[in-house]
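A.B. asks: Here you go, sequence then predicted model.
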Amino acid sequence: SINYPIYEHDVLVIGAGGAGLRAAIEASAAGVSVGLVCKSLLGKAHTVMAEGGIAAALANVDARDNWKVHFADTMRGGQYVNNWRMAQLHAQEAPARVKELEAWGAVFDRTPDGRILQRNFGGHKYPRLAHVGDRTGLELIRTLQDYGIHRGISVYMERTVFRLFKDGERIAGAIAYDRERGRFVVFRAKAIVLATGGVGRAYKITSNSWEYTGDGHTLAYDAGAELIDMEFVQFHPTGMVWPPGVRGILVTEGVRGEGGVLRNSQGERFMFRDIPDNYKAQTAENEEEGFLYVLAEKYQGRDARRPPELLTRDHVARCIVREVKEGRGSPHGGVFLELQTFSRWYAQRVKRFDPVEHWKKKLPSMYHQFKELAGLDITREPMEVGPTTHYIMGGVRVDSDTQMSRVPGLFACGECAAGINGANRLGGNSLSDLLVLGKRAGEYAARYAQERTGLPVIDAGQVEEAARWALAPFERSQGENPFQLQQELQELMQNLVGIVRREDEMLRALESIEQLRRRAQNVAVSGNREYNPGWHTALDLHSLLTVSEAITRAALLRKESRGAQFRDDYPRKDSAQYGKVNTVIAKGPDGRMQIRWEPIPPMPQELLDIIREENGGVLPEELR
Ligand code: FAD
């Protein structure tokens, strides 16, 4: 039999990014014992990579901003299939969460009169993103860690959770392997909060790091929770495309927010050519107006409107794909993103300025990223960019107010949970989501734990079984290579279930996923259990295959194009039908994946009124 230590907590938080840390802080403030587990070192979560900022209607830069406009922007960006209650809570509570972060010591960039500075971002009507240069995530993580570390939270680093346990219907605990020692550890807890982040590693080109293999999605699904909206995978329009080794690394939307423009190989600013109807009234009519918007100035007596580069990510990504497909791409298969036009315009019309100093201050990480990785000076030369898999809107289905899934005691928050973003997330809305809904998850998980006496029981047989499953790849001396399988899966998701989707291709993808799943059962690894990347990749395959199948099934079911889902065979939105439903996935009694539609509950009148007002006096078809 297998030896393992057992750690006991009231609340176990799996994932130490922004969502997990915020949940752990809140649960521990409620006085319960909290364990926090993460796959690598504390502080290395995805959140640390966030660049652009945190969206919150603080109204520091534009006094007209308020939660209602933020709510309406989020719903419009999500094309109305969002969970409206979550979008409401998020917009209402984000300012308080940002101010709290400030009170805990976060250093933000400042307005001249000393308030938190806010910047423009795609799909946000007013400058709304609180930021620290282009290193906002780092500051968020630093602050939460510094604050949380003194609250008696037990941290377990380099432990990867691969199975959850239940006691009857209730959640009971989890098993993880310890990367450093190659041993197993078991956690017993009254409540578990999943905060494991995204699924980007299911694709070949991604801004996500190796940790984002959809573990939380899969753990929840295997434990009986539902997944919703899995078809909605966000392809960020601007990742690096060159050199090959760094392909996919993010180029923040902040570059466009600060005046960066997109051009094709003919020098054309192609984004002006295709502006969706529902954004026409909010978009600049020419370059002049777009630049004035960046400076928050007037144009022809009224407020300047956003340049088309700041349309929503789904749209910008598709426009880039079209330019490349039609032969107007950059040498390495992207398009150009450049700061020089703004620099010239600014120097001519506003005042002389030093572009090098200006951009190094506004976009310090981007400056270094291109300098070091591509040998390119972004203050003088255009960048080459193209879409990269960035974020998943879909995830664990949870209650809007408490973040609990349908498995009693199992909560989820952050990127691995779903609802708030609908068909497309606005930039900046993730960091605020982590804080707002992470706090709620921690609060309600603690309450759930407090209402229960005695720890749940974990069946030792189930632990043995899980450990044996994890060790099986060592037993085979010959078999499939885990890296090979992972690579094949990434290629197939990239090619067949990517930015542009078609039924025949996705049916092929499903077949291939099924074959890969069979091959994965025969995967073999060798060597020690300590720090064995082959073994870890072998275990990750289960999660990657599960989320890949879920994405593909949901994308097949939604026979329309909406937000991040673009169907070549159904290029139009079908708001009367598909605009009123979510896809819901659960494991069937036979162990197979089942998928169905579920109608979105009707929105209360007061929220409908907000949307009508922000939408020029008419309700969008989805809400009629
Ligand atoms: P993460 O921060 O991803 O943390 C996940 C945690 O779970 C990690 O600690 C990991 O180790 C752990 N974990 C995962 N699996 C397991 C397992 N099996 N067992 C144990 N632990 C596990 N959003 C914005 O709003 N604004 C931005 O400016 C912005 N910029 C971004 C820039 C980049 C380059 C990227 C990649 C994303 C950006 N995003 C931005 C998105 C945002 O950063 C993420 O959506 C968000 O940080 C996710 O936070 P999280 O807490 O849900 O998970």
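C.D. replies: Sure thing, it's come through. Numbers count the residues shown, from 1 in each chain.
A.B. asks: Buried ones in stretch 405-422, by neighbour count?
C.D. replies: 405-407, 409-422 (16 or more other CB atoms under 10 Å). For glycine as for every other residue, the C-beta is placed from the backbone atoms N, C-alpha and C.
A.B. asks: One more: stretch 73-84?
C.D. replies: 73-84.
A.B. asks: Can you name the next helix or strand after the helix or strand harbouring residue 493?
C.D. replies: Using DSSP states H and E, the element containing residue 493 is helix 482-496. Once the chain leaves helix 482-496, the next helix or strand it forms, by DSSP H and E, is helix 503-520.
A.B. asks: and the residue of the stretch 451-600 of the chain found nearest the ligand, how many neighbours?
C.D. replies: Closest approach between the stretch 451-600 of the chain and the ligand, counting by CB to the nearest ligand atom: residue 543, at 7.6 Å. Other residues near residue 543 come to 24 when the count uses other CB atoms under 10 Å.
A.B. asks: separation between it and residue 202?
C.D. replies: As for residue 543, its distance to residue 202 is 9 Å (criterion: CB to CB, to the nearest Å).
A.B. asks: same thing with residue 585?
C.D. replies: With CB to CB as the criterion, residue 585 and residue 202 are 15 Å apart.
A.B. asks: Which residues are in contact with residue 132?
C.D. replies: Contacts for residue 132 (CB atoms under 8 Å, 6 or more residues apart in numbering) come out as 106-109, 138-139.
A.B. asks: looking at this, it is in a helix?
C.D. replies: No - assessed with DSSP: H, G, I helix; E, B strand; the rest coil, residue 132 is coil; it does not lie in a helix.
A.B. asks: can you tell me how far it sits from residue 102?
C.D. replies: Distance from residue 132 to residue 102, by CB to CB: 11 Å.
A.B. asks: How about residue 35?
C.D. replies: 28 Å.
A.B. asks: Of those two, which one has the most company?
C.D. replies: When residue 35 and residue 102 are compared on other CB under 10 Å, the one with more neighbours turns out to be residue 35, at 24 against 15.
A.B. asks: May I ask which helix or strand encompasses the residue of the stretch 251-400 of the chain found nearest the ligand?
C.D. replies: Proximity of the stretch 251-400 of the chain to the ligand (CB to the nearest ligand atom) peaks at residue 391, 5.4 Å away. Using DSSP H and E, residue 391 maps to strand 383-392.
A.B. asks: With residue 187 instead?
C.D. replies: Counting by DSSP H and E, residue 187 is found in strand 184-194.
A.B. asks: need the residues of the chain near the ligand, please.
C.D. replies: 14-20, 37-40, 45-47, 49-53, 136-137, 160-161, 195-197, 207-208, 211, 215, 250, 391, 414-415, 427-431, 434 (CB under 6 Å from any ligand atom).
A.B. asks: Tell me which of those fall in helices.
C.D. replies: 18-20, 136-137, 215, 429-431, 434 (DSSP state H).
A.B. asks: Please report which of the residues you listed has the highest neighbour count.
C.D. replies: Neighbour max across those (other CB under 10 Å) = residue 19, 38 neighbours.
A.B. asks: just to revisit the earlier point, let's have the ones in helices among the residues of the chain next to the ligand in a markdown table, adding pLDDT.
C.D. replies: A markdown table is the format used below for those (pLDDT from 0 to 100):
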| residue | pLDDT |
| --- | --- |
| 18 | 97 |
| 19 | 98 |
| 20 | 98 |
| 136 | 93 |
| 137 | 94 |
| 215 | 98 |
| 429 | 97 |
| 430 | 97 |
| 431 | 97 |
| 434 | 98 |
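A.B. asks: List the contacts of the nearest residue to residue 610 once chain neighbours are set aside.
C.D. replies: Nearest residue to residue 610, sequence neighbours excluded (CB to CB, 6 or more residues apart in numbering): residue 68, at 4.7 Å. By CB under 8 Å, 6+ apart, the contact list for residue 68 reads 91, 610, 614.
A.B. asks: pretty sure residue 68 belongs to a helix, no?
C.D. replies: Yes - assigned with three-state DSSP, residue 68 falls within a helix.
A.B. asks: Retrieve the pLDDT associated with it.
C.D. replies: At residue 68, the model reports a pLDDT of 98.
A.B. asks: Please shift the residue numbers so they start at 86 in all later answers.
C.D. replies: Sure, I'll start numbering at 86, so the last one becomes residue 153.
A.B. asks: what number of residues lie near the residue in the stretch 86-235 of the chain positioned nearest to the ligand?
C.D. replies: Distances between the stretch 86-235 of the chain and the ligand by CB to the nearest ligand atom are smallest at residue 102, namely 2.0 Å. For residue 102, the count of nearby residues is 32 (other CB under 10 Å).
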